[in-house]
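Trainee: structure for this input, please:
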Amino acid sequence: MTPQPDALELEDLVMHFGPVRAVDGVSLTIPRGRVTALVGESGSGKSTVGRCVVRLVEPTAGVVRIAGTDVTHLSRRQLRPHRSAVSIVFQDPAASLDPRMLVGEVVAEPLRLSGRRIPRRDREARVATELERVGLRAEVARRYPHELSGGQRQRVSIARALISEPRLLIADEPTSALDVSVQASVLNLLADLQRDIGFACLFITHDLSAVEYLADDIAVMYLGQLVEKGSRERIFARPAHPYTQALLSAAPVADPVRQRQRQPVLLGDDLPSALDPPSGCRFRTRCPLAFDRCASEVPAQVGIGDGMAACHLVQPDGSGPDVRAAQTSEVLS
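Mentor: Residues are numbered from 1 along each chain as shown. Below you'll find the predicted structure:
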């Protein structure tokens, strides 16, 4: 039996906006039916990766394969048969939904753009089914987006993304523009839909509590490059890269006692500019463990089980630096 291709393969993906090196050599694979969280601070390049995948921007270099097909440089006409294989849900539903269109028209738009001739009655039935699947009544199709709440608009965005039955969903910060009171319900919806339908998902976020709940695998970006990849279980239990350790140490936990006892890793300065990234290891200007080699040599990706970490101090068995211990010893000395 021929093995099924991965839902997404990125090989040395590069995206430069003039002198701005937004994405610099990202390689990532998402198997069918799995959720990979792409995490990092604002400005790390994670949203640009998502936009490259759906060809909203043209990659400078590298390869994007969706379900085994290289779509990196296909023309709009050549790309049309592959459009249904990937969909995207944006951060702000108010900005991504056309206010002049009825909700039913918004949800049905991917069917129209696919070029397939679908009778109006069948199209309306598909829209009603998708709306109900995301927890909205079918009559919402006759309303305009501005008549809905933020959470309802994001559900409409999800319905629109899934109506073409994609193999891969790009979810770009899908809850960050929503009220805290509705964020959990939208995350629960995504988790239920992914389990029931089985699509693969690139979940772009800075919310590590959402990552812990939804993701199978995690990829960590810093200033346009991947610094660590691995299973959710391994990375939350044994983060190898100093930057990953810093992110996890700063994420709040629900237990107030544990929260008070935590010692966050303190990083120096703000994120450097992608116009002029640091030489060698890009994280070195903020890393408390940086040494001379970090300035002169780009770290190799050290394999760790099912993933990797790009740090001079990481060993093949996954052992390596402990940023919190190093900071504690510095304070005591």
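
Trainee: how close does Q263 sit to C311?
Mentor: Q263 is 21 Å from C311, where distance means Cβ to Cβ, to the nearest Å. Heads up, the C-betas are built off the backbone N, CA and C, glycines and all.

Trainee: more neighbours: which of the two?
Mentor: C311 (25 against 11; other Cβ atoms under 10 Å).

Trainee: can you pull the contacts of the more buried one?
Mentor: Neighbouring residues of C311 by Cβ atoms under 8 Å, 6 or more residues apart in numbering: V227, A240, H241, P242, C281, P299, V302, G320, P321.

Trainee: please repeat the previous calculation with a cut-off of 7 Å.
Mentor: By Cβ atoms under 7 Å, 6 or more residues apart in numbering, C311 lies in contact with A240, H241, P242, P299, G320, P321.

Trainee: ok, now R21?
Mentor: Counting by Cβ under 7 Å, 6+ apart, R21 has contacts G224, A274, P277.

Trainee: highest neighbour count among those?
Mentor: G224 (26 neighbours).

Trainee: surely Y243 and Y222 touch.
Mentor: Yes - contact status for Y243 versus Y222: in contact at 5.2 Å, counting by Cβ atoms under 7 Å.

Trainee: common neighbours of those two, please.
Mentor: Common contacts of Y243 and Y222 (Cβ under 7 Å, 6+ apart): F283.

Trainee: so how many other residues sit close to the closest residue to V265 other than its chain neighbours?
Mentor: Nearest residue to V265 in three dimensions, chain neighbours excluded: A246, at 3.9 Å (Cβ to Cβ, 6 or more residues apart in numbering). Using other Cβ under 10 Å, A246 has 23 neighbouring residues.

Trainee: and the helix or strand that contains A246, what does it pack onto?
Mentor: Using DSSP states H and E, A246 falls within helix 242-250. Applying 3 or more Cβ pairs under 7 Å, 6 or more residues apart in numbering; DSSP states H and E, we find helix 242-250 packed against strand 217-222, strand 225-231, helix 323-332.

Trainee: now it: buried residues?
Mentor: By 16 or more other Cβ atoms under 10 Å, the buried positions in helix 242-250 come out as P242, Y243, T244, Q245, A246, L247, L248, S249.

Trainee: before we move on, the earlier item: which of the helices and strands packed on helix 242-250 has the lowest mean pLDDT?
Mentor: Ranked on mean pLDDT, the bottom entry among the helices and strands packed on helix 242-250 is helix 323-332, at a mean of 54.

Trainee: and R77, how many residues sit next to it?
Mentor: Neighbours around R77, by other Cβ under 10 Å: 7.
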